[in-house]
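Enquirer: Sequence and predicted structure below; questions after.
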Amino acid sequence: KFILTVIGIGYFITESSLAKPFREATTKLKIKHQNWITDKIQGVFSCIYCASFWIAIAVYLVTKSTINIETVLYAFSCMGSIYVIKNFSAN
């Protein structure tokens, strides 16, 4: 349930047509002298791997209400799951 929740939210943010205006707005976001930050923000909203990592941390915090090593491990497991799914479906 956890991994599918993260993948679903990640897909919605990074690839769905409903969130496309939001993604396009982030590409226009410019913070004076902060190009690195805006590049990272844009990356999170356009990359399913980047988005899934941060979404997994948020979902873990909402469901478990605690921060520990599992928070990060769950986030990486979601990234890995997406990687495996995308690569198996490509072959």
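Expert: Right, received. Where do you want to start?

Enquirer: what separates residue 27 from residue 60, distance-wise?
Expert: According to C-beta to C-beta, to the nearest Å, residue 27 and residue 60 sit 28 Å apart. Every C-beta, even on glycine, is put in place using the N, C-alpha and C of the backbone.

Enquirer: and what of residue 74?
Expert: As judged by C-beta to C-beta, residue 74 and residue 60 stand 5 Å apart.

Enquirer: Show me the common contact partners of the two, please.
Expert: residue 2 (C-beta atoms under 8 Å, 6 or more residues apart in numbering).

Enquirer: who has more neighbours, those two?
Expert: Comparing residue 74 with residue 60 by other C-beta atoms under 10 Å, the one with more neighbours is residue 60, at 22 against 19.

Enquirer: Who are the contact partners of that one?
Expert: Residue 60 sits next to 2, 70-71, 74-75 when contact means C-beta under 8 Å, 6+ apart.

Enquirer: Can you point out the buried residues in the helix or strand encompassing it?
Expert: Using DSSP states H and E, residue 60 falls within helix 48-64. By 16 or more other C-beta atoms under 10 Å, the buried positions in helix 48-64 come out as 48-53, 55-57, 59-60.

Enquirer: Look at residue 54 and report its pLDDT.
Expert: You'll see residue 54 listed with a pLDDT of 91.

Enquirer: Just give the closest residue to it, not the sequence neighbours.
Expert: residue 44 (6.1 Å; C-beta to C-beta, 6 or more residues apart in numbering).

Enquirer: Am I right that the one you found is in contact with residue 51?
Expert: Yes - counting by C-beta atoms under 8 Å, residue 44 touches residue 51, with 5.4 Å between them.

Enquirer: looking at this protein, which helix or strand does the model trust least?
Expert: helix 35-46 (a mean of 79; mean pLDDT, DSSP states H and E).

Enquirer: Fine, thanks again, bye for now.
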